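>>> all I have is the shape, not the residue letters:
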Ligand SMILES: Cc1ncc(C[n+]2csc(CCOP(=O)(O)OP(=O)(O)O)c2C)c(N)n1
Ligand SMILES: Cc1ncc(C[n+]2csc(CCOP(=O)(O)OP(=O)(O)O)c2C)c(N)n1
Ligand code: SF4
Ligand code: SF4
Ligand SMILES: [Mg+2]
Ligand SMILES: [Mg+2]
């Protein structure tokens, strides 16, 4: 039986190279034309422990992880013990031949005799490959791409190990049971995860300066920017702490470089004073917050959607902000790009709110069109301004002409204190009122520019599932599952979570028989936000806060229909 | 005509000693049995500029500042120009005799010839005193109390200056027009402002450790603690920054000292990561946030209620917290004390949310009963615990036994990572769920312990004014004003703004014909919070964000009846 | 030399008699001596009395948060290294709240100038001990005296091998102006720590106190000699040396960033082909 | 001497071959040499690989935020100065994110011990440059090499007149254990900076690299001699000295706080009469 949707779980200790073979397999599957969704789960350590790299591959469109294991690749004994009971009768298990097992569809691999420890992962990859009829020809270019920068010997040894695994797999194939139905190959697709897409989106948006302090799961955004910094004309600087990072980025943006920082909850906490500064000085800035479970250090390598309230309200005083919460790799790219434009247009902070799950979730993605992306041009043209120039001129839409210091003879004065039109400190309380009003008037434009939530499913559904950010895929697939069960279902996904414009979705809420909010936290933050903005009450919440992402199965179970 | 309610505005430059004479006058009026409410307005500078110290004094109960000037004391020319047009025909103006004026009730004082520059303020005080028949006898003990610690010559020179002013005033009295009706003297009352009451409340609650970084308008809380630290057995330490302050306080609390920090918006921003740490490690901690207008540095010496949302949501991840917002000096004292008990009982952060207006507002207050205040006893008794002791034992009410390190042989382990019952780091995702649930279960107890909002006014009113924190006085007096106009009015004041328990006030909201929310910010934060928690919509908001406190007149004008 | 009048005259919010006035004047004449016009200069400050200084002369100004002048200055310099970037603030701002940035800035060696109005006290918040306050310095917040040993910024800067380290005194304005001018011209991170009397809150380290102790290092002081500089930087008591204490020209941070050789970042819009290459690499 | 077994044995989350293991062992034997039992000791750490150490022995533990071990340790020590308080963390945690607290802690001179696992890299976040990384150190985040000059904590600590300053090496475990024991016994702030190979992310400053360079200072090294200490603290290259580099016994912070003479704060419930006096003073 050809399968159309399989789940491959590769498990092992940190340091065993499971991510490497996961990436290789994933890229190969994408090249072969399959859809993939990767879920990575790892511990906060460098070696040892128990990590997994799960690839869901399918012949048709998928956008979510799912429950179940069709192929278990156990790089160590712990993985075997943890998952052997979670297999179904059609699953295949790939384990070391020293382990005792009763499961019929097992490929026991003599890892130790086939290869040195360093290459055991690649042997396992070879065995998996045998199941799909992946051969050396299709894997070799992928290996070159991923491992090509290392020593030649390393690449060669990997090739050998792969071949050994492939041979062993072919010889010990447990039957045709997990074959994926063939699809037409498409090597044009990118393999990209959420953080990579944010990095590329930032570059597409015109990023010129990025300062950061490392923090999982945000660090890889910056590492991906660094990878391309030279060719893209970008400066990236590691700061001594997050406070410095945000203030550096503000300084750079003030001086004309479209700027970004990336961090997670704890680092964001340290940045909130700076965000307030950006609000007051009306300095454009993009802040990527990649969430993980808190409070405090919490579970630093897992996923959660627990910082929504804090990101909406972080920073003292009142000023406008925009928060995007991408639900797919494509949205990571597009919304980050958009964030740069909106931050510049409204001279205020714009956020990308993502999380560990999406950050690390590889998918096959149609390449973005680089030439349809216009980098922002920072600031206004100095020749249009009068002398003396008023940086904070009171305007109808709240947006004042922003010049760059040193770009012309106009002096650009920015102040964290309340200020007059020319930017200088004031204690004139009438000016205070005018400036508060001016800053907040920008909200009108921001609201006009905002993204409508995306609706998917039946009209007038019996069940409407609200969701935001990374849980999009799981919820969309839940709708399909419900529809298959004959239930009229739909979802409304918010990829912009702040501000909200009730006109855009109130009808939808009211037309549904029952509204549920699905979100990855324990206190229903988004559901309460909806109530705050619309007075519409959502009491049915499907929550998850164990550090793992939603799956359609989890949601269906909690719906308890 | 004897007056029952007068407003005395003393204006001048920083450094002219207007606060000193304001305090002396205020204390004397309190001793004489009058009610007073002080409003201080000052610039962010040490010398020069324009500051005011306004004393409203009355024969009956007052709890709010009000509009209007009955006595203007101009210590410099600027004050004269700023306020001369704001006087009513019955007002009295005290100015330097070099100024040209047309106003009839003027006492022109030859300051330069009467005294050295240093004592001009005290001359002015003497002149004011003459208006009330305050004589040397009543002022002397007050002078001794306030100036007694300085050099003897300074006190004597002040006495002389006072006498000169008094004589000049008596000789040039413009008639009987501003006399306050007599009341029976009551020298038992304290003269206390909001920050002093918070300091004393903290000491009464059992404060043993306070770390801080100076920030207006919170600094005076700490300075008042320092004043009494030796006699009360308290350690106060100035930290290198606010991050250090909050972490020090957490360390001290963990080790058994009931601890507190005090700051304003920007400092609070820097503390949010630490607050999340207190939430995770379940360390009791009291945080006083004295608000001023933001964003960023904003108007650092003025007042606002703009950080409510941020204080509710500050800190990454999800954990319970309690937020009190006192509306009077007495509430500053009582709620701070209570904050210590609640923080200890629920092992979580408790906040006092105040602002510059209340911080600096002196009033006459009946002395607190020191012996009815029980200081908290930190931690549980070690002999009741089993070995090995589980700091984070899962309990029904979410509260685990808290022991102190070094107090017994039990080891006390606290971790910012998710942890098992014994406090050690874990990545067990089932434990994660249990611990999140345990921490959040404390909310049940917290909600049972919460303070009901205070209702004042007519039943089933036509106008219900919601308010919170420091605007209490102005709103209560507004109700009286409205009632005098024949309008059925009432107010509901929240001195605890988080969490909210709708049962305690929903009926009140529903029974009112029109509900207004009065708050000192530009985005109606509390009104929206009410909607979030109850789905009750309040569209009529009376807001103020020019850095000044509410007055009944301001509210009535905005009500636009 | 630009006309000093270009930098204007403004009313200040400082106390009469404060050392800040002469620092401001010295800065203006240093800028003019460096032949700079207001539009070429960016003054970045934090919060405090000293931090208000940039409002009192003409220049581009970013008056940011308490303690955070240096990160803003660094970000701005990296974005546009053609600007003459000066971070200016008080001792509390630079060495207290901003202590971590100070240390990190010295390690980076960007071509920026750090001017610290060091009055050994927190002025704007009314007189608490600052990191440079002497041990035992009594304030309302430290009634038993400041319990910590003072921070010696000049000593730390020399120890860390900072490019240019100088100490000035508000009371020696011409000398100070010369120091600031040299600091601005120096290519690399330059610190000018300026002893500044605070007439309102520091009644110990007064004008007179400084005057009695400060002496100017000789013209021919060997500021490239690290050992001598270390020794001189430790001198702070009966005698306090003023002048350029240490100079150590080395590669600046900007000089190591290839991207910056192509000019300010706002002039470098990326090519769409480069972006497409990036996309195609995934 | 307490039995080292009292401190237990635990599984760790460290990489095989990591220098942290021997630091942990050295710490346990130092505690036992100091005759301390687990309940008398408080270990405070931040976040990082090193910061996990307190989970791997028996003691009171506060494992706080990245960079913030010192403020927590200071608060705890002030609340209960009968505890033996040790702040233990990595170089990034102590000198990077926590840099301002490090400087301030040295100025304070509380009787605490600061143990830094200095692997010259950010371990837990997978290998970015740390403040102690050498200039030019190449990582994924610094592909052109770390651009900043490294921070020399031993040099800074000696310069600031810290009470006790020592450098150890994870590879010389006995010697290291002796240093830690002396640091714990020292009355005042004691820094032990420990060179620690990170087998996963630092392939430059390896075990071998350290081994070739490190030498132990002689028994009779004059650690009270400040000049000698300064000179020795600057030595970090071809030769790296290990041992107690500086000792400077002076009054501790606790000794100056009268309130603390009466015992831990939790034992000092206030008298209601005192409170009433306070109230009556208004
Ligand atoms: C985050 C934050 N904390 C505290 C303050 C309050 N604050 C303003 S100025 C200042 C101290 C100023 O001292 P210094 O930098 O020495 O400047 P000076 O006034 O002495 O010139 C403080 C603590 C603030 N504005 N922001
Ligand atoms: C506020 C904050 N920023 C960043 C991080 C992420 N982080 C965790 S450990 C670490 C670096 C650890 O380096 P180091 O202190 O040298 O310890 P090592 O792992 O090398 O032992 C960082 C940046 C964090 N947990 N919190
Ligand atoms: S308080 Fe001190 S530093 Fe500030 S302006 Fe006045 S004298 Fe100068
Ligand atoms: S990453 Fe480095 S420091 Fe961390 S445990 Fe592994 S070897 Fe040790
Ligand atoms: Mg100062
Ligand atoms: Mg390290």
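Looks like it came in fine. All of these numbers come straight from a predicted model, not from anything done at the bench. Residues are numbered from 1 along each chain as shown, chains lettered A, B, ... in the order given. Ligands and ions are numbered 1, 2, ... in the order given.

>>> which regions of chain A lie under the pLDDT threshold?
Along chain A, the parts satisfying pLDDT under 70 run over A:1, A:176-177.

>>> does residue A:432 sit in a helix, a strand or a coil?
Secondary structure, DSSP: H, G, I helix; E, B strand; the rest coil: residue A:432 is helix.

>>> who's in contact with it?
Neighbouring residues of residue A:432 by CB atoms under 8 Å, 6 or more residues apart in numbering or on different chains: A:418, A:426, B:293, B:299, B:545-547. Bear in mind the C-beta positions are built from the backbone N, C-alpha and C, glycine included.

>>> of those, just the buried ones, PyMOL syntax please.
The buried subset of those, as determined by 16 or more other CB atoms under 10 Å in any protein chain shown, is captured in PyMOL by this line:
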select buried, (chain A and resi 418+426) or (chain B and resi 293+299+545+546+547)
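
>>> quick check: which element contains residue C:282?
Using DSSP states H and E, residue C:282 falls within no helix or strand.

>>> repeat for residue A:311
helix A:308-313.

>>> which bits of the stretch 101-250 of chain C sit near chain B?
Contact residues, the stretch 101-250 of chain C versus chain B (CB under 8 Å from any CB of the partner chain): C:122-126, C:128-129, C:131, C:140-143, C:200-201.

>>> show me which pair in those residues is furthest apart.
Within those, C:124 and C:143 form the most distant pair, 20.5 Å apart (CB to CB).

>>> who's more crowded, the two?
The residue with more neighbours, out of residue C:124 and residue C:143, is residue C:124; 24 against 13, by other CB atoms under 10 Å in any protein chain shown.

>>> now the more buried one: how far from residue A:193?
Separation of residue C:124 from residue A:193 (CB to CB, to the nearest Å): 48 Å.

>>> buried sites along stretch A:406-423?
A:406-408, A:410-423.

>>> and the contacts of residue A:432 near ligand 5, which?
The subset of the contacts of residue A:432 lying close to ligand 5, counting by CB under 5 Å from the ion, is empty.

>>> separation between the residue of chain C found nearest ligand 2 and residue C:149?
Taking CB to the nearest ligand atom, ligand 2 has its nearest neighbour within chain C at residue C:100, 12.6 Å off. From residue C:100 over to residue C:149 the distance is 18 Å, taken as CB to CB.

>>> higher neighbour count, those two?
Ranked by neighbour count (other CB under 10 Å), residue C:100 and residue C:149 place residue C:100 first, with 30 against 17.

>>> surely that one touches residue D:100?
Yes. Look at residue C:100 against residue D:100 with CB atoms under 8 Å: they come within range, at 4.0 Å.

>>> can you tell me the closest non-neighbouring residue to the residue of the stretch 51-200 of chain A found nearest chain C?
Minimum separation of the stretch 51-200 of chain A from chain C (CB to the nearest CB) falls at residue A:190, amounting to 3.9 Å. Nearest residue to residue A:190, sequence neighbours excluded (CB to CB, 6 or more residues apart in numbering or on different chains): residue C:282, at 3.9 Å.

>>> count of neighbours near the one you found?
Neighbourhood size, residue C:282 [other CB under 10 Å]: 19.

>>> return the residues in contact with it.
A:190-192, A:196, A:200, A:365, A:367.

>>> at 10 Å instead, please
Neighbour list for residue C:282: A:27, A:189-193, A:196-197, A:199-200, A:224, A:362, A:365, A:367-368 [criterion: CB atoms under 10 Å, 6 or more residues apart in numbering or on different chains].

>>> now, of those residues, which are buried?
Counted by 16+ other CB under 10 Å, these give A:27, A:189-193, A:196-197, A:199-200, A:224, A:362, A:365, A:368 as buried.

>>> can you pull out the strands in the stretch 301-450 of chain A?
Using DSSP state E, counting those that start in this stretch, the strands found in the stretch 301-450 of chain A span residues A:322-324, A:349-355, A:363-365, A:413-415.

>>> and the ones you listed: which comes nearest residue D:74?
In terms of CB to CB, the element of these nearest to residue D:74 is strand A:349-355, at 33.8 Å.

>>> so which elements touch the closest one?
helix A:194-205, strand A:259-263, helix A:265-281, strand A:285-291, helix A:308-313, strand A:322-324, helix A:329-346, strand A:496-498 (3 or more CB pairs under 10 Å, 6 or more residues apart in numbering or on different chains; DSSP states H and E).

>>> tell me which of these lies nearest to residue A:472.
Among these, helix A:329-346 sits nearest to residue A:472 (CB to CB), with 8.0 Å.

>>> ok, back up a step: among the helices and strands packed on strand A:349-355, which is nearest residue C:268?
With CB to CB as the measure, helix A:194-205 is the member of those nearest residue C:268 (12.5 Å).

>>> picking up where we left off before, ligand 6: which of the contacts of residue C:282 is nearest?
Closest approach between the contacts of residue C:282 and ligand 6, by CB to the ion: residue A:224, at 23.1 Å.

>>> check whether that closest one really touches residue A:197, as I assumed.
Yes. Counting by CB atoms under 10 Å, residue A:197 is a contact partner of residue A:224 at 9.1 Å.

>>> where's the residue nearest the centre of chain C relative to residue D:121, distance?
Here the mean C-alpha position of chain C is nearest to the C-alpha of residue C:115 (CA atoms, centre = their mean), at a distance of 1.8 Å. Residue C:115 is 34 Å from residue D:121, where distance means CB to CB.

>>> so what touches the helix or strand of chain C with the lowest mean pLDDT?
When each helix and strand of chain C is scored by mean pLDDT, DSSP states H and E, helix C:253-256 comes last, with a mean of 90. The contact list for helix C:253-256 (CB under 10 Å, 6+ apart) reads A:235, A:237, C:74, C:77-78, C:81, C:105, C:107-112, C:187-189, C:260-261, D:135-136, D:144-145, D:147-148.

>>> all set, thanks.
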